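Chemist: Build me a model:
(one chain, ligands or ions: 1)
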Amino acid sequence: MEIVVFGAGSIGSLLGALLARVPDHGVTLVGRDPHVSTIRRRGLEVTGIESFTVEPRATTDGTGLTADLALVTVKAYDTEAAARELRTGEFRAVCSLQNGMGNEKALTGRLDCPVLGGTTSYGAVRTGPGEVVWNGAGEVVIGPWRPSDEDETAAEVGDAMAAAGFDVDVADGAGIRRRLWEKLAVNAAINPTTALARIENGALGDEPGADLVEPIAREVGATARAVGVSVSDEALADAIESVVTATAENESSMYADVQAARRTEIDVINGYVVERAGEHGVEVPTNRALWTLLRAWEAERDLRPVDA
Ligand code: PAF
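Modeler: Okay, here's the model as predicted:
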């Protein structure tokens with residue numbers, strides 16, 4: 001399968017490298033320099049859970065590309081821009097594997113091909129140009145976003161990922177929405193706390209960090225049910241705990257953002273929970289406090305867009 005990985009950050013680079021190991025897959029990474037120029041010169045080096053080097057194609061120009069599949073792995077605030085570039089190319093399917101909510105909506109708003117929602121709990125950190133550390137073996141869940149996307153596409157994409165050794169689950173439309181809320185709970189618990197306390201994911205497995213898991217699971221669960229997604233607080237707490245264990249050594253993407261003084265995805269994670277909860281009269285004080293703290297950090301560094 002020809003696969004474009006749109007967004008060669010930590011997770012995009014890791015997933016692209018794993019896919020590029022399959023002889024039948026042709027992989028093109030879309031990213032920024034100097035990462036892209038280094039990959040072109042000496043390949044993409046993965047260390048950590050497994051160590052290997054692959055030589056995928058790499059480009060800084062995401063326009064006019066053609067492939068069977070585009071995996072979207074950009075930061076959520078770049079999804080609109082990614083969709084505009086993807087629109088200039090031709091793809092049989094596009095699949096979001098991003099953090100936060102709203103990505104699938106942004107993609108379906110601009111693209112005519114089938115769009116799949118997706119989540120991944122792999123842990124990865126890009127340590128330098130052409131280098132990524134694989135810190136957590138997770139799971140990938142994909143599923144059709146619109147009723148019109150409910151054909152064989154998700155199963156074909158699932159097979160292509162399974163060929164690369166991914167633990168992949170193909171869900172239906174209701175299933176992928178429920179799994180996105182589970183991943184939202186995972187990110188709402190892990191990302192801001194690790195970023196603010198400057199700790200690895202595993203610190204949420206022990207006291208006092210572990211004290212945050214239950215209130216966040218409860219708040220996200222109450223909000224999910226208020227918007228009509230059937231998920232229990234226990235299932236969300238279990239999802240958080242299993243990702244904390246599987247990615248214990250990992251520095252979360254938000255911790256990496258804070259260290260690099262980059263804008264974070266807080267608005268589409270805890271901010272999304274606060275806004276949906278507010279529409280339904282659900283109290284979410286823990287999510288609100290985390291959202292406020294990260295927004296204050298972003299505002300101090302002029303990292304927030306003027307309209308946010
Ligand atoms: O954003 C992240 O870092 C990842 O989604 C996850 C799964 C929490 C692992 O660190």
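Chemist: Which positions in the stretch 201-308 of the chain make contact with the ligand?
Modeler: Residues of the stretch 201-308 of the chain lying close to the ligand by C-beta under 6 Å from any ligand atom are 201, 243, 247, 250, 252, 253. Any C-beta I mention is one placed from the backbone N, CA and C, and that applies to glycine too.
Chemist: JSON lines for those, including neighbour count, secondary structure and pLDDT?
Modeler: Below are these laid out as JSON lines (neighbours: other C-beta atoms under 10 Å; DSSP: H, G, I helix; E, B strand; the rest coil; pLDDT from 0 to 100):
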{"residue": "201", "neighbour count": "27", "secondary structure": "helix", "pLDDT": "97"}
{"residue": "243", "neighbour count": "27", "secondary structure": "helix", "pLDDT": "96"}
{"residue": "247", "neighbour count": "23", "secondary structure": "coil", "pLDDT": "94"}
{"residue": "250", "neighbour count": "27", "secondary structure": "coil", "pLDDT": "93"}
{"residue": "252", "neighbour count": "26", "secondary structure": "coil", "pLDDT": "96"}
{"residue": "253", "neighbour count": "25", "secondary structure": "helix", "pLDDT": "96"}
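Chemist: Among these, which one sits closest to residue 172?
Modeler: Closest approach between those and residue 172, by C-beta to C-beta: residue 243, at 22.6 Å.
Chemist: and that closest one, what is it in contact with?
Modeler: Contact partners of residue 243, counting by C-beta atoms under 8 Å, 6 or more residues apart in numbering, are 121, 136, 138, 186, 190, 201.
Chemist: Residue 192 versus residue 290, what's the distance?
Modeler: Distance of residue 290 to residue 192, computed by C-beta to C-beta, to the nearest Å: 4 Å.
Chemist: Settle it for me: which of those two has more neighbours?
Modeler: residue 192 (29 against 26; other C-beta atoms under 10 Å).
Chemist: what's the following helix or strand after whatever helix or strand the more buried one lives in?
Modeler: Here residue 192 sits within helix 173-197, counting by DSSP states H and E. Following helix 173-197 in sequence order, the next helix or strand is helix 213-226 (DSSP H and E).
Chemist: now for that following helix, which elements pack on it?
Modeler: helix 173-197, helix 233-246, helix 270-279, helix 285-300 (3 or more C-beta pairs under 8 Å, 6 or more residues apart in numbering; DSSP states H and E).
Chemist: Compare the ones you listed and give me the one nearest residue 208.
Modeler: Nearest to residue 208, of those and by C-beta to C-beta, is helix 173-197 at 9.7 Å.
Chemist: what's the angle from the closest one to helix 233-246?
Modeler: Counting by axes from the mean of the first three to the mean of the last three C-alpha atoms, to 10 degrees, helix 173-197 lies at 60 degrees to helix 233-246.
Chemist: any idea where the strands of the stretch 51-200 of the chain begin and end?
Modeler: Counting by DSSP state E, counting those that start in this stretch, one finds strands in the stretch 51-200 of the chain at the ranges 52-54, 57-59, 66-72, 90-96, 115-120, 123-128, 131-136, 140-144, 168-170.
Chemist: In a markdown table, list those along with mean pLDDT, distance to residue 307 and mean neighbour count.
Modeler: Below are the strands of the stretch 51-200 of the chain laid out as a markdown table (pLDDT from 0 to 100; distance: least, C-beta to C-beta, whole Å; neighbours: other C-beta atoms under 10 Å):
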| stretch | mean pLDDT | distance to residue 307 | mean neighbour count |
| --- | --- | --- | --- |
| strand 52-54 | 98 | 40 | 15 |
| strand 57-59 | 98 | 31 | 19 |
| strand 66-72 | 98 | 23 | 24 |
| strand 90-96 | 98 | 23 | 23 |
| strand 115-120 | 97 | 26 | 27 |
| strand 123-128 | 95 | 29 | 21 |
| strand 131-136 | 96 | 33 | 22 |
| strand 140-144 | 97 | 32 | 25 |
| strand 168-170 | 97 | 37 | 19 |
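Chemist: thinking again about what came up before, most neighbours per residue, which of the helices and strands packed on helix 213-226?
Modeler: Highest mean neighbour count of those: helix 173-197, a mean of 24 (counted as mean count of other C-beta atoms under 10 Å).
Chemist: What is the neighbour count of residue 37?
Modeler: Applying other C-beta under 10 Å, we find 15 other residues in the vicinity of residue 37.
Chemist: If anything else comes up later, I'll come back, but that's it for now.
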